[in-house]
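*Asks:* Predicted model, plus sequence, below.
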Amino acid sequence: MTRQSKRIITNPFTRPRQYSDYHPSCLRRILLLTFSFILGMGIIFFTRNNNPSLNPTTTISKKLNYPNNSVQKENNLRKPPERTKKDKPQEAISKEKNLIVKTHHGNFKIVLRPDLSPESVQYVVEAASFPCNRCNFYRAESGLLLQGVMAVEAVKKNTVLGKCPDRDHFVSGECPKHDPDCGCHGPIMTRGMVAWAAGRAGPDFFVNTHLEPVGWWEHQHTVWGEIRDDASFAVLDRILALPTHGTQLKYLDEKISFRFELENV
């Protein structure tokens with residue numbers, strides 16, 4: 001009796017698959033996808049190492065401002081912006097300043113009021129840096145005002161009037177010839193206030209020396225300064241006591257020239 005070899009046929013669905021069970025085309029696809037993935041990861045790794053802007057660790061180090069990061073020191077986000085020429089005029093009036101007016105009868109001090117007329121104060125601040133072409137007092141009304149002119153050709157003339165502090169402004173009387181619309185340009189003037197004359201924006205100005213608020217002027221004048229100290233008022237009294245001429249308006253017999261400069265507080 002011959003022994004016949006038995007062929008053992010295994011069911012491929014009942015045992016683990018082997019590489020021989022796959023079709024050759026499937027194997028090629030798997031190898032191609034594996035190779036493409038490895039190649040893509042290598043390109044990404046190489047690119048990040050050679051381009052710091054794509055490296056997340058470099059970006060984080062810049063934000064955290066590590067001590068050895070020289071780039072962050074040069075581009076420090078907390079570094080204050082550089083000041084420009086346009087910022088200087090605003091800086092000049094941001095702090096309270098005094099204007100010192102110098103005459104041969106003595107000096108007096110005007111506290112500038114940018115809260116009432118910033119454009120007027122800006123003109124005065126800029127004019128103080130140049131020689132004055134026409135600066136003198138020419139009118140003196142005892143117990144009322146001292147008037148003069150402050151004209152500096154090197155500085156552009158101011159044309160902006162002051163702010164109206166009274167929203168419900170009402171004109172009680174007739175408008176003056178120099179201000180036919182009875183505009184509201186400033187507060188009711190009290191003793192020591194300095195304003196542009198004739199309802200205009202300069203260069204003529206005056207100092208109010210009336211003891212009581214001057215209600216009949218109403219809000220016609222642009223106020224840009226104020227005298228507060230007794231020493232300054234004493235100088236004004238000496239000038240107002242000088243000889244004058246005129247009937248309705250009192251003009252000084254001799255004009256008094258003056259210089260002015262800024263004094264930081």
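*Replies:* It's in. Residues are numbered from 1 along each chain as shown.
*Asks:* report the longest helix in the protein, please.
*Replies:* Longest among the helix segments of the chain by residue count, using DSSP state H, is helix 24-50.
*Asks:* which residue ranges form the strands in the protein?
*Replies:* Taking DSSP state E, the strands of the chain run over residues 97-103, 106-112, 134-141, 145-151, 193-196, 204-208, 223-226, 244-245, 251-257, 259-264.
*Asks:* hmm, who's touching the fifth one?
*Replies:* So that's strand 193-196. Counting contacts by C-beta atoms under 8 Å, 6 or more residues apart in numbering, the residues outside strand 193-196 that touch it are 110, 120, 161-162, 186-187, 189, 202-208, 221-227. Placement of C-beta: from N, CA and C, glycine included.
*Asks:* pLDDT (mean, whole number) over it?
*Replies:* Computed over strand 193-196, the mean pLDDT rounds to 96.
*Asks:* Need the CA coordinates for it. PDB is fine.
*Replies:* Listed in PDB are the C-alpha atoms of strand 193-196, where the atom choice follows Å, rounded to 0.1, in the frame of the first residue of the first chain:
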ATOM      1  CA  MET A 193      -6.500 137.600  32.400                       C
ATOM      2  CA  VAL A 194      -4.600 138.100  29.200                       C
ATOM      3  CA  ALA A 195      -6.400 138.100  25.800                       C
ATOM      4  CA  TRP A 196      -6.100 139.100  22.200                       C
END
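*Asks:* What strands flank that strand, and is each parallel or antiparallel?
*Replies:* Here the strand partners of strand 193-196, with direction, are listed using DSSP bridges: strand 204-208 (antiparallel), strand 223-226 (antiparallel).
*Asks:* Would you reformat the ones you listed as CSV and include mean pLDDT and distance to Leu144?
*Replies:* As requested, the strands paired with strand 193-196 are exported to CSV (pLDDT from 0 to 100; distance: least, C-beta to C-beta, whole Å):
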stretch, mean pLDDT, distance to Leu144
strand 204-208, 97, 8
strand 223-226, 96, 16
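*Asks:* residue ranges with poor pLDDT in the chain?
*Replies:* Applying pLDDT under 70 to the chain picks out residues 1-26, 47-96, 168-173, 178-182, 264-265.
*Asks:* of the strands of the chain, which approaches Ile43 most closely?
*Replies:* Smallest distance to Ile43 across the strands of the chain (C-beta to C-beta): 64.1 Å, for strand 259-264.
*Asks:* related to what we said a few turns ago, out of the strands paired with strand 193-196, the one nearest His245 is which?
*Replies:* Distance to His245, taken as C-beta to C-beta, is lowest for strand 204-208 among the strands paired with strand 193-196, at 18.1 Å.
*Asks:* Quick one: closest of the strands of the chain to Ile30.
*Replies:* Evaluated over the strands of the chain, closeness to Ile30 peaks at strand 259-264, with 82.1 Å, by C-beta to C-beta.
*Asks:* outside of that closest one, which residues touch it?
*Replies:* Judged by C-beta under 8 Å, 6+ apart, the contacts made with strand 259-264 from elsewhere in the structure are 95, 97-102, 109, 124-125, 127-128, 132, 135, 150.
*Asks:* Repeat that for stretch 134-151.
*Replies:* The list of residues contacting stretch 134-151 from outside it, by C-beta under 8 Å, 6+ apart, reads 103, 124, 127, 132-133, 152, 197, 202-211, 236, 239-242, 244, 249-252, 255-260.
*Asks:* repeat that for 7 Å
*Replies:* By C-beta atoms under 7 Å, 6 or more residues apart in numbering, the surrounding residues in contact with stretch 134-151 are 127, 132-133, 197, 202-210, 236, 239-240, 242, 244, 249-252, 255-259.
*Asks:* For Leu33, state which of the contacts of strand 259-264 is nearest.
*Replies:* Lys95 (72.2 Å).
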